[in-house]
Each structure stands twice: as structure tokens, then as C-alpha cells.
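Q: Task: produce atomic coordinates for the following.
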Amino acid sequence: MISNLLLRVAVVVGVLVLTGLQAGATTFYVKPNGHDNRSGTNWTDAKQTIQAAVDAATDYDTVIVTNGLYSSGGVAEADGLTNRVGIYRAITVQSVNGPLFTSIVGARHPGTTNGASAVRCVYMTDYAVLSGFTLTNGATLNIGITNFSGVNVGLYAGGVYGTELSVVDNCILKGNAGALAGASYGGRLNRCIITNNIATGYGVGAALQGGPGGAYLGTLANCLIVKNQGHQGACQSDTLYNCTVTGNASSNSAVLLSTLNNCIVYYNTSASGANIGSLRQINTNCSAVYTCATQLPSGEGNITNAPNFAATNIFRLGPLSPCADSGMNLAESGFADLDGQPRLFRTMDMGCYERQIPGDANNDGLVDASDLNMVLTNYSSAVDQTAVSTVLSNYWPNQLLLAMTNVAGVGGTDVTFALTNSNAGAYNVQYSTNLVNWDLLGAATPRYLFTDTNAPAVPQRYYRLSLP
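A: Numbering: from 1, shown residues only. Presented below is the predicted three-dimensional model:
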């Protein structure tokens with residue numbers, strides 16, 4: 001229900017933004033050497049703090065932020081917590097060049113993490129959109145009440161606090177702390193990296209209440225949740241689509257009270273450093289389908305096989321990963337993975353990355369003779385030459401590539417062709433019907449010209465040059 005609502009909301013947001021633009025919506029600009037007394041309506045008169053631009057905007061306006069670290073400005077909530085940026089309007093705040101170049105920096109309480117002087121990175125209201133930022137060093141209140149009840153906004157998420165109708169896109173939430181959630185609360189997060197955040201807990205003694213180091217009560221798509229720490233795992237009460245949850249530390253399960261679709265939840269460990277067997281990856285209070293994890297709930301398409309990541313700390317799918325082509329095609333996951341690469345090469349993969357291997361025509365994670373056979377067997381137009389070249393350049397990366405030209409007689413008994421190669425020397429011509437076993441036809445005479453006088457239509461032959 002939440003995911004369908006958010007999909008409808010995404011459409012509504014697009015309509016509202018379009019309506020605002022048609023009605024003369026304004027764009028405001030922010031740069032580190034700007035000045036908040038300026039109008040902010042062009043780069044020359046840009047404002048210095050993001051909050052000043054947000055305050056000047058009205059619903060459906062846009063705030064554009066150029067490269068820099070934004071660690072000043074802010075707005076306080078009623079409970080006393082300051083947000084570096086409080087987006088209290090239905091506007092879009094986006095960076096020019098993405099999260100690697102533009103950061104919103106919060107602040108921790110002196111001498112500790114959460115406390116009265118802490119500053120959260122971002123607060124968002126309904127229909128607000130945040131795109132292309134790193135949110136870092138944010139923290140929350142920790143007022144020490146032992147009997148906690150209800151929702152105290154100031155205790156959740158040092159990175160970003162949102163509503164069900166807010167959107168965070170293409171952001172990195174890194175190094176934030178919160179009493180009852182480390183990185184995020186609420187909202188829809190798409191194509192985000194959530195890493196190295198911590199939920200410190202709230203209260204004292206037996207009344208201590210934990211929370212997830214990563215996300216709480218949100219909808220996440222194409223997100224990587226890695227190396228977070230919290231009593232209640234990495235994610236709690238979330239809906240996840242095509243997310244990878246790995247390397248997180250918890251004294252409970254890695255994922256709790258959540259719904260998972262097309263996800264990978266693997267290699268999360270106990271906060272005390274015990275081995276993986278002591279930590280349940282997905283709690284029994286979760287539901288999961290087409291998900292890869294150990295000790296996961298029963299559900300359609302679920303697997304327990306190791307995901308076979310490409311390398312340590314590289315969470316793309318490696319060769320022969322059981323998670324490739326093993327998900328289900330979901331509109332909620334969108335059409336781009338965490339890298340911005342297209343989904344649906346064939347069937348959606350599990351996890352935040354869709355495997356992209358140039359030349360892997362059959363998508364088995366390897367570039368080999370079967371891929372070359374596939375593209376050559378189905379060769380039908382000049383466009384396919386690109387596919388052939390891609391396979392060859394990855395199958396034989398250290399070999400000179402040959403181009404076949406002046407081909408005649410295909411399908412008959414006499415096939416003529418030229419094989420061009422700038423490398424000097426005498427060559428033999430070989431043929432194969434399976435791209436594995438090669439037989440000699442004879443020397444190339446003249447050097448790069450050849451006629452095969454016994455070329456049957458079936459099985460078709462493939463040709464290559466070799467040194468004699």
C-alpha cells in the first residue's frame with residue numbers, strides 16, 4: 001500500500017512541479033561565496049546558505065546548489081533541534097554536480113554525538129525533493145527521558161527526517177548519528193548510499209531503546225545500506241526494493257519489521273564482533289520475496305546462496321552470481337540502478353546494482369565463446385557489428401581485432417572475404433562451427449584474401465587468422 005501510494009505521489013509531484021513552472025515558478029541559486037542578502041535568482045546574485053534560498057522560495061520553486069561544503073545556516077524545530085536545511089515547502093533542492101561534490105554538513109554535540117547542540121542535516125516536508133547531496137556529520141537530541149512514548153522528531157535521524165511524501169534521490173548519507181535512527185527517518189529514498197551511520201540508543205539502563213543505524217520507516221529503492229551500526233540493525237519498518245544491505249553491525253537482526261523485494265541482505269554481523277552465524281540477517285517479523293539472504297523468511301523466489309559480489313567492498317554482482325536475473329520486474333524499483341545504469345537487461349537482478357558486463361550477451365557474468373556464438377548466430381544487420389566488436393574486445397582483450405570485409409557468397413558453397421590486420425606477417429585461415437574447435441583451411445593468399453570453396457550453409461562457419 002505504501003509503495004503504490006508513493007508511486008501515485010511521484011506522479012502528483014511531477015504534475016505539481018510542471019504546474020508551478022507553467023505558473024512562473026522561480027529558480028534560486030546557492031554558491032559558497034554568495035551572500036544571503038542577495039536575491040538568489042541568478043548565479044551572480046546567488047545566496048550563500050541553502051536555508052536562505054529555501055526561505056525565499058515558495059511551493060514548486062527550485063533551489064540549485066553548486067559545489068561546496070555547506071555547514072552554516074539552519075532552522076530550529078519546536079523541540080530545539082536545529083536542521084542545517086529545513087525544507088518546509090514543496091520545493092526541489094538539487095545540486096549541480098551530485099553528491100561527490102556537494103555536501104550538507106550537520107554538527108554533533110560537543111564532546112559526544114547527540115545532544116542539545118546537535119544539528120541534523122536536513123528536515124523535509126510533504127512533496128519536498130532533495131537530489132544530489134552528501135549528508136554528513138548530522139546528529140539529534142538525546143534528552144535522556146527513560147519512559148519514551150510517541151514520536152519525538154528531534155530524536156530521529158541525523159541525516160534526513162522526511163515524511164511519507166518527501167523524496168531523497170541520488171544522495172550519500174554518511175557519518176550521521178541519531179538517538180533512534182542513524183541516517184534517515186521516513187520518506188522515499190532512491191539511489192542512495194547509506195553508510196557509516198550510528199543509532200546510539202535512547203534512555204538509560206533497562207529503559208534503553210535502540211534503533212536502526214541506517215533507515216527507519218521509509219521506502220528505499222536501489223539503495224546500498226552498508227557499515228552502519230544500531231541496536232535494531234540497519235533497517236527497521238522499511239519497504240525495500242532492489243536494495244543491498246551488507247556489512248552492518250547490530251545486536252539484533254540486520255533488518256526488522258520490513259518488507260523486502262529483490263534485495264540482498266548478507267554478511268551483516270553482531271555489534272559485539274561475533275561471527276555471522278550469531279546474527280539473523282532478516283528477522284522473522286519481516287516479509288521477503290525474490291531476496292538473497294541467510295536465515296530469511298519463506299517467500300517466492302528467495303535464495304540463500306552467497307551473492308558472489310565482484311570484490312571486497314565492491315557490491316556489484318560478480319561472474320555467475322545467483323542474484324543476476326533472479327529478481328522480479330518491479331515498477332517500484334524504477335528503471336535505473338544505483339549507478340544510474342538501466343535495469344531490465346533481461347530480468348531484474350537482486351540488489352542495488354544491475355550487472356553490466358560489456359560483451360556478456362547471455363548475461364551469465366562471463367564473456368566467452370558462448371557470447372560470441374550468440375551474437376554471430378543471430379547476426380542480422382549492420383547494427384549487430386557493434387555487439388560483435390564488444391564481445392571480441394572483452395573476450396580477447398589482448399588480441400588484435402580483425403575486420404572481415406568484401407564478403408560474398410554467404411549461404412553458398414564459395415565464400416570470399418578479406419580479413420584486415422595492420423600486423424605484418426604471413427597468416428593461416430582457420431574455420432570453426434562452434435568457436436571452440438578450429439581447423440586449418442590454408443594460408444591466406446594473397447595475405448589477407450581468402451576463398452572457402454566448401455562452405456556449407458549449415459552448419460555455418462566462423463573464420464579467423466592465426467600465425468602459421
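Q: confidence score at Asn434?
A: Looking at Asn434, its pLDDT reads 83.
Q: so where does it fall, helix or strand?
A: For Asn434, there is no helix or strand it lies in under DSSP states H and E.
Q: out of everything not next to it in sequence, what's closest to the residue nearest the centre of the chain?
A: Of all residues in the chain, the one closest to the mean position by C-alpha atoms, centre = their mean is Leu338, 1.6 Å from it. Sequence neighbours aside, Cys352 is the residue nearest to Leu338 in space, at 4.3 Å (criterion: C-beta to C-beta, 6 or more residues apart in numbering). Placement of C-beta: from N, CA and C, glycine included.
Q: tell me the contacts of that neighbour?
A: Asn222, Cys223, Leu224, Asn242, Cys243, Thr244, Ile264, Phe315, Asp337, Leu338 (C-beta atoms under 8 Å, 6 or more residues apart in numbering).
Q: distance of it from Ile193?
A: Computed as C-beta to C-beta, to the nearest Å, the Cys352 to Ile193 distance reads 9 Å.
Q: rewinding a little: so what does the residue nearest to Leu338 look like in phi/psi?
A: phi -80, psi -10 (degrees, to the nearest 10).
Q: quick one: terminal-to-terminal distance for stretch 280-300?
A: Across stretch 280-300, the terminal residues are separated by 19 Å (C-alpha to C-alpha, to the nearest Å).
Q: now stretch 217-235
A: Length of stretch 217-235, first residue to last, C-alpha to C-alpha: 8 Å.
Q: got it, and stretch 359-374?
A: End-to-end distance (C-alpha to C-alpha), stretch 359-374: 11 Å.
Q: tell me the mean pLDDT over that stretch?
A: Stretch 359-374 carries an average pLDDT of 73.
Q: same deal with stretch 139-147?
A: The pLDDT scores in stretch 139-147 average 68.
Q: Check stretch 110-130 too.
A: For stretch 110-130, the mean pLDDT works out to 94.
Q: Could I get the contacting residues of Val245?
A: Counting by C-beta under 8 Å, 6+ apart, Val245 has contacts 214, 225-226, 234-235, 254-255, 263-266, 268, 281.
Q: got a list of what the residue nearest to the centre of the chain touches?
A: Neighbours of Leu338 in contact, by C-beta under 8 Å, 6+ apart: Arg191, Ile193, Asn222, Cys223, Leu224, Cys352, Tyr353.
Q: let's go with 7 Å and repeat that
A: Arg191, Asn222, Leu224, Cys352, Tyr353 (C-beta atoms under 7 Å, 6 or more residues apart in numbering).
Q: just Tyr431 next, same as before
A: So Tyr431 contacts Trp438, Asp439, Leu441, Asp452, Arg461, Tyr462, Tyr463 (C-beta under 7 Å, 6+ apart).
Q: That one: which element?
A: Per DSSP H and E, the secondary structure element for Tyr431 is strand 428-432.
Q: in its sheet, what does that strand sit against?
A: strand 439-443 (antiparallel), strand 462-466 (antiparallel) (DSSP bridges).
Q: returning to what we had before: tell me the buried residues within the contacts of Leu338.
A: The neighbour count (16 or more other C-beta atoms under 10 Å) marks Arg191, Asn222, Leu224, Cys352, Tyr353 as buried among the contacts of Leu338.
Q: can you tell me which of those residues are in strands?
A: If you go by DSSP state E, the buried ones among the contacts of Leu338 have Leu224 in strands.
Q: Tell me the one of the buried ones among the contacts of Leu338 nearest Ala157?
A: Closest to Ala157 out of the buried ones among the contacts of Leu338 is Leu224 (17.6 Å), distances taken as C-beta to C-beta.
Q: Surely that closest one touches Gly247?
A: No: between Leu224 and Gly247 there is no contact under C-beta atoms under 7 Å: 9.8 Å.
Q: Overlap of the contact sets of the two?
A: With the criterion set as C-beta under 7 Å, 6+ apart, the contacts of Leu224 and Gly247 do not overlap.
Q: Thought Asn308 was touching Ser321, still the case?
A: Yes: applying C-beta under 7 Å, one finds Ser321 in contact with Asn308, separated by 4.1 Å.
Q: between the two, which one's more packed in?
A: The residue with more neighbours, out of Ser321 and Asn308, is Ser321; 24 against 15, by other C-beta atoms under 10 Å.
Q: if we can go back for a sec, spit out the residues that contact Cys352 and Ile193 alike.
A: With C-beta under 7 Å, 6+ apart, Cys352 and Ile193 have common neighbours Leu224.
Q: what's across from Leu317 in the sheet?
A: Applying DSSP bridges, one finds that Leu317 bridges with Phe309.
Q: Can you get me a residue count around it?
A: 27.
Q: And Ala221, by the same measure?
A: By other C-beta under 10 Å, the residues close to Ala221 number 27.
Q: buried subset of the contacts of Cys352?
A: Asn222, Cys223, Leu224, Asn242, Cys243, Thr244, Ile264, Phe315, Asp337, Leu338.
Q: State whether the fifth one and Ile225 are indeed in contact, as I suppose.
A: Yes: contact status for Cys243 versus Ile225: in contact at 6.3 Å, counting by C-beta under 7 Å.
Q: All set, thanks.
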